[in-house]
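Kindly return the folded structure for what I paste below:
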Amino acid sequence: MYSTKERLKLTGIDSEGIKESILVPDLEESMRTNLLISVCLLTLFMRSFSAEPGLLWNSGFSSAGESVVWDSIILPSGACVAVGDVAFGQSENRRINICELNKDGLVLWEQTALSLGNASGYSILSIPEGYAVCGDRVDSSGTSGLILKTDLNGNTVWSRVISYEGDDSLQDMCLTPDGNIIAVGYSLNSETSDNDVLAVCFSDSGSVLWQKRYVSPDYQAAYSIVQSTDSPGSYVVTGSDGGDVFLMKVNGLGDWQWKTRHFIEGIQMGRSVSGLSDGGYVVAGSTRGEWGFSDAILVFFDSDGTVTNDLVWGGDGPDNAYSVSEVQPAGYVVLVNSNSGRGEGYRPFLVRFDPWLSTIWSVQLTELNALCYSMFINDDEGFTVTGKTSTPEDNTHFSAFLIRLSSEDLLNWN
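Here you go, the predicted model:
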């Protein structure tokens, strides 16, 4: 799949980032050596005996027309609730669509939020007595950020619109320890003629607790937020800043604590960020030079935002990474949309890397032209992926779908 343009770059840590051993240095060195040996042996075992996951089922929304699933959550029962949008009428305005599927992929219910007008939902969370959805809504005054709460059957309980100057969107969100919701996205700034990162904190009842724009002279957009690995009351955001992948940390009041950028040639975008077991973070996204197609990129940061590692890979056509998760016993799984460049459209893949970013396996999720946007690890260590797919009869029109795969088979690697 990825036969060309694979690159691995390690960045050093300056002397200020190196911690001296002042207590029992020989013991500390021995512990580090033993840990390295353990990880090496574990990785050799994985590469020898770990088989890729298999398809359990795929399913889609029951609505007719163009539709997509942007995000989903997994319930304790093994069922999932997905959010996306569906086109209506000749104008093809979008309507937020929420659907619950049982653990076998059968649709239990589906709700389309017609009352919210032309709107899309990009992220969903489970909250007490229902679900929270964020996205955007379009009307005659422009695009506004949108957040809403539904009951457990997808019926709208309340909705709120956030707008500064008519071009705003909320792309992702996370819960705070006290049950509030922080959503991030972007907002047009007429003074700079660029977008700024937008962050809003909502209570469970929909009240706006705080709302901030982080002004910069460059174009900024935030696409993902997670709780910080070193403090449950702080949050880490990624996206694009002046054509670079950025990582930004804010506290529970939205105050800017630090921000770093990953500087490489071309235009980069961070699509999702995930916390790591060592306290750092990994961002999945894309990078593109002045000429040519995009490549998928992973960027690794330590807990202070220093870039420690990156990986860029791709084929002859455009490749984009949309989601990344650290997996047991070691390594990472990445959701990638790959295009051969031969006019056949996109194919989504799950790609498994070891801790040194060598490929262990790669699974194509469908033979059809399709794009996937989110990936989750289930309680059974399997995977759930959401997106949209064409049909064998029509390669240009898409309908929402959701795929569930088994876990890796650690004993039957071919």
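
In the stretch 1-150 of the chain, mark out all the helices, start to finish.
25-49 (DSSP state H, counting those that start in this stretch).

so where is it shaky, pLDDT-wise?
Within the stretch 1-150 of the chain, the stretches with pLDDT under 70 are 1-50, 61-64, 90-91.

go with 90
1-51, 59-66, 88-93, 113-117, 139-142 (pLDDT under 90).

for this structure, which residue is closest to the average position?
S272 (3.5 Å; Cα atoms, centre = their mean).

Relative to the helix or strand harbouring that one, what are the paired strands and their orientations?
S272 is part of strand 267-275, with elements assigned from DSSP states H and E. Strand 267-275 has the following strand partners under DSSP bridges: strand 281-288 (antiparallel).

Just the CA trace of the strand it pairs with, in CSV.
Only the C-alpha atoms of strand 281-288 are listed here, as CSV (Å, rounded to 0.1, in the frame of the first residue of the first chain):
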residue,chain,number,x,y,z
TYR,A,281,0.7,13.0,22.9
VAL,A,282,0.4,11.8,19.3
VAL,A,283,-1.3,13.8,16.5
ALA,A,284,-2.6,12.3,13.3
GLY,A,285,-3.1,14.4,10.2
SER,A,286,-1.7,15.3,6.8
THR,A,287,1.2,17.2,5.2
ARG,A,288,1.4,18.5,1.7
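
ok, then the element right after it?
Heading C-terminal from strand 281-288 (DSSP H and E), you reach strand 295-301.

Packing partners of that next one?
strand 244-251, strand 281-288, strand 307-314, strand 319-326, strand 332-339 (3 or more Cβ pairs under 8 Å, 6 or more residues apart in numbering; DSSP states H and E). In this view, the C-beta of every residue, glycine as well, is placed from N, C-alpha and C.

Give me the sheet partners of that strand and which way each runs.
Strand 295-301 has these strand partners (DSSP bridges): strand 281-288 (antiparallel), strand 307-314 (antiparallel).

How far does the helix or strand V197 falls within sit from its chain's centre?
Under the criterion of DSSP H and E, V197 resides in strand 194-202. Computed by Cα atoms, centre = their mean, to the nearest Å, the chain-centroid distance of strand 194-202 equals 18 Å.

just the angle between whatever helix or strand comes next after it and strand 244-251, please?
Remark: after strand 194-202, the chain's next helix or strand is strand 208-214, criterion DSSP H and E. Per axes from the mean of the first three to the mean of the last three Cα atoms, to 10 degrees, the angle that strand 208-214 makes with strand 244-251 is 140 degrees.

Quick check: S187 vs D194, distance?
10 Å (Cβ to Cβ, to the nearest Å).

So which of those two has more stuff around it?
S187 (30 against 17; other Cβ atoms under 10 Å).

The more buried one: which element?
Counting by DSSP H and E, S187 is part of strand 181-189.

Which elements pack onto that strand?
strand 118-127, strand 130-139, strand 142-150, strand 168-175, strand 194-202, strand 220-227, strand 234-241.

Spatially nearest residue to V81 (excluding sequence neighbours)?
E100 (4.9 Å; Cβ to Cβ, 6 or more residues apart in numbering).

Surely the one you found and L106 touch.
No: when contacts are counted by Cβ atoms under 8 Å, E100 is not listed as touching L106 (9.8 Å).

Between those two, which is the more surrounded one?
E100 (20 against 11).

measure the more buried one to N58 for me?
16 Å.

Low-confidence ranges, the stretch 251-400 of the chain, go.
Using pLDDT under 90, the stretch 251-400 of the chain drops low at 264-266, 289-292, 328-329, 341-344, 379-380, 391-397.

In contact with G252, which residues?
Neighbouring residues of G252 by Cβ atoms under 8 Å, 6 or more residues apart in numbering: 176, 233-235.

Where is pLDDT lowest across the residues you listed?
Within the contacts of G252, G233 has the lowest pLDDT, namely 91.

thinking that one is in contact with P177, fair?
Yes: G233 sits in contact with P177 when judged by Cβ under 8 Å, with a separation of 6.4 Å.

tell me, what's touching the two both at once?
In contact with both G233 and P177: no residue, using Cβ under 8 Å, 6+ apart.

ok so, going back, any chance of the helices and strands packed on strand 181-189 in JSON lines, plus distance to N395?
Putting those into JSON lines (distance: least, Cβ to Cβ, whole Å) gives the following:
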{"stretch": "strand 118-127", "distance to N395": "23"}
{"stretch": "strand 130-139", "distance to N395": "27"}
{"stretch": "strand 142-150", "distance to N395": "29"}
{"stretch": "strand 168-175", "distance to N395": "28"}
{"stretch": "strand 194-202", "distance to N395": "33"}
{"stretch": "strand 220-227", "distance to N395": "27"}
{"stretch": "strand 234-241", "distance to N395": "30"}
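
Out of these, which is closest to G84?
Nearest to G84, of all these, is strand 118-127, at 6.6 Å by Cβ to Cβ.

quick one: that closest one to strand 181-189, angle?
Using the same axes, to 10 degrees: strand 118-127 against strand 181-189 is 150 degrees.

what pairs with strand 118-127, and is each one parallel or antiparallel?
Counting by DSSP bridges, strand 118-127 is paired with strand 130-139 (antiparallel).

Quick check: buried residues in stretch 269-281?
Residues of stretch 269-281 classed as buried by neighbour count (16 or more other Cβ atoms under 10 Å): 269-276, 280-281.

cool, stretch 103-122 as well?
Buried-residue list, stretch 103-122, by 16+ other Cβ under 10 Å: 105, 107, 110-113, 116, 118-122.

what do you get for stretch 193-202?
194-202.

Distance from it to the middle of the chain?
Put simply, stretch 193-202 sits 18 Å off its chain's centre (Cα atoms, centre = their mean).

That stretch - what's its average pLDDT?
Here the average pLDDT along stretch 193-202 is 91.

How about G254: what's its closest non-neighbour residue?
Per Cβ to Cβ, 6+ apart, closest to G254 is K212, 4.6 Å.

Many thanks, I have nothing further to ask.
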